[in-house]
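Participant: quick one: sequence plus predicted model below, questions after.
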Amino acid sequence: MPAAFPEVERIRYEGPQSKNPLAFHHYNADEKVGGKTMRDHLQFSVVYWHTFRGTGADPFGPGCAVRPWEDGTDSVENAQKRARVAFEFMEKLGNPFYAFHDRDVAPEGANLAETNRNLDAVVKVLKEEQKRTGIGLLWGTANLFSNRRYMHGAATSPNAEAFAFAAAQVKKALEVTKELGGQGYTFWGGREGYQNLWNTNMKRELEHLARFLHMAVDYAKEIGFTGQFYIEPKPKEPTKHQYDADAAACCNFLREYDLIDHLKLNLETNHATLAGHTIQHEMEVAGSAGVLGSIDANTGDMLLGWDTDQFPTDIYLTTQCMYTLLKYGGFTKGGVNFDAKVRRESFEPIDLFHAHIGGMDAFARGLKIAHAMLADGKLEELLRDRYSSWDNGLGKEIESGKHGFASLEKVMLEKGDAAPNKSGRQEMIENLINTYL
Ligand code: XUL
Ligand code: CO
């Protein structure tokens, strides 16, 4: 098969001074940051759905991306060829992982059996290519939102047979993920929500979703799949409200239905902003609950209110991500997964390289900055100082449960008023952060 990107060699680290746009300026895979290589800290992953299936289509116009390796058919042969192209791209880029939905890699057939056969035929190629290149699967997932059978949802559909089909689909996707040595498996509730509460039995739908996830946990056990399960919060789009709205809603759902020990969160920047949060907030919520699993790295556009999934290039953003990640101990099975797409105007194959190089460099800088901040310790010192009233005396007694309202009233009646507050030093802290950038 002729090369799909003949003009591109393996992308190399050339340092910050290099003017070569097809080189890394900050991501140096083998370089150690705090005793661990950048490769291991970041665990970069390329997504199949945007990078190899994205066409540039939007609600106002059809696809316009130039992808010379596509033959324009939805055949298994074309899918197999595309898989080899994907691995040529990733081998040249040097990302250690990728992620896919079942339907990204192989076409649906006339029925479930044929669809599963199509998937097997492409998985065979993916397996060969993983072996050839050493690139691993970060996580697999099933597309439970594109086919019309899922118009009302999948695990939350009012149609029990749509639920059953989704179960069969996830069963197969789990088998395939295991076969490919996947480190994880993600549930994003594409249409698990509602457009209209008048026709929705929310309680029943949530119970069905929980039952579905328990079935997945049970089946993973049955086949010996030891990858990490993730749930990926998103508040809306395509539905008006999705049940996995944000990190806090997901934690509550997982706790309520006894799933918190089985799933962690896969957090996405643009989903966080659609929910009215920042990714730093979402990572903090997950980190403090012990369920920070993986991140879908991208960014929205401040002036567009929808999920534009752009590549992240903002160093402040990547610093926030990496600071929070390092604070909570880094990834175990997760990674920085670029759930991001080139914009419609960037229609040439080479743009796929520029986009990923930019995202990887931005995260490498975020990592280095975050590490420097933690090593320096000034921010942590300020934080320690801010809460120091809890480290001894009355604060310590309250934290250790020695007080109730009556005893605290007694203390304050004697003192007359609380000790004066200290300044929050908001601006000073923001200025301090800028000194590391
Ligand atoms: C959709 C989204 C998905 C999930 C996987 O907004 O982020 O691609 O990451 O289903
Ligand atoms: Co995502």
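Facilitator: Nice, thanks for sending it over. Residues are numbered from 1 along each chain as shown. Ligands and ions are numbered 1, 2, ... in the order given.

Participant: interface residues of the protein facing ligand 1?
Facilitator: With Cβ under 6 Å from any ligand atom as the criterion, the chain meets ligand 1 at residues 49, 101, 141, 186, 188, 232, 234, 268, 296, 307, 339. C-betas here are computed from N, CA, C, even on glycine.

Participant: which of the residues you listed fall in helices?
Facilitator: Those of those mapping onto helices are residue 49, per DSSP state H.

Participant: thinking residue 353 is in contact with residue 7, fair?
Facilitator: No. Counting by Cβ atoms under 8 Å, residue 353 does not reach residue 7; the two are 9.9 Å apart.

Participant: the more surrounded of those two?
Facilitator: For residue 353 versus residue 7, the count of surrounding residues by other Cβ atoms under 10 Å is larger for residue 353: 20 against 9.

Participant: any idea how far residue 100 is from that one?
Facilitator: Per Cβ to Cβ, to the nearest Å, residue 353 is found 19 Å from residue 100.

Participant: just give me the neighbour total for the nearest residue to residue 412 once chain neighbours are set aside.
Facilitator: Among residues not flanking residue 412 along the chain, residue 418 sits closest, at 7.3 Å (Cβ to Cβ, 6 or more residues apart in numbering). By the criterion of other Cβ under 10 Å, residue 418 has 10 neighbours.

Participant: would you say residue 418 is within a helix?
Facilitator: No. Checked against DSSP: H, G, I helix; E, B strand; the rest coil, residue 418 lies outside a helix; its state is coil.

Participant: so it is in contact with residue 411, correct?
Facilitator: No. In this structure, residue 418 is not within contact of residue 411 by Cβ under 8 Å, at 10.0 Å.

Participant: and the most centrally placed residue in the chain, what is it in contact with?
Facilitator: Nearest to the geometric centre of the chain sits residue 296, at 2.4 Å (Cα atoms, centre = their mean). Residues in contact with residue 296 (Cβ atoms under 8 Å, 6 or more residues apart in numbering) are 232, 266-269, 271, 337-339.

Participant: from these, keep the buried residues only.
Facilitator: Among those, those buried by neighbour count (16 or more other Cβ atoms under 10 Å) are 232, 266-269, 271, 337-339.

Participant: how about these in TSV, adding pLDDT?
Facilitator: Listed next are these as TSV, based on pLDDT from 0 to 100:
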residue	pLDDT
232	98
266	99
267	98
268	98
269	98
271	98
337	99
338	99
339	98
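
Participant: for the residue of the stretch 1-150 of the chain found nearest ligand 1, give me its contacts.
Facilitator: At 5.0 Å from ligand 1, residue 141 is the closest residue in the stretch 1-150 of the chain, using Cβ to the nearest ligand atom. Taking Cβ under 8 Å, 6+ apart, we find residue 141 in contact with 99-102, 173, 185-188.

Participant: and of those residues, the nearest to residue 322?
Facilitator: residue 99 (19.7 Å; Cβ to Cβ).

Participant: looking at the stretch 151-300 of the chain, which residue is nearest ligand 1?
Facilitator: residue 188 (3.6 Å).

Participant: ok, and the closest non-adjacent residue to that residue?
Facilitator: In this structure, residue 188 finds its nearest non-sequential neighbour in residue 232, 4.0 Å apart by Cβ to Cβ, 6+ apart.

Participant: residue 12 versus that neighbour, what's the distance?
Facilitator: For residue 232, the distance to residue 12 - Cβ to Cβ - is 33 Å.

Participant: circling back to that earlier point, for the contacts of residue 141, could you give me CSV that also reports pLDDT?
Facilitator: Formatted as CSV, the contacts of residue 141 follow (pLDDT from 0 to 100):
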residue, pLDDT
99, 99
100, 99
101, 98
102, 98
173, 99
185, 99
186, 99
187, 98
188, 98
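
Participant: and those, which two are furthest apart?
Facilitator: Maximum pairwise distance in those, criterion Cβ to Cβ, is 14.5 Å, between 100 and 187.

Participant: the two: which is more packed in?
Facilitator: Set side by side, residue 100 and residue 187 show more neighbours around residue 100, with 30 against 24, by other Cβ under 10 Å.
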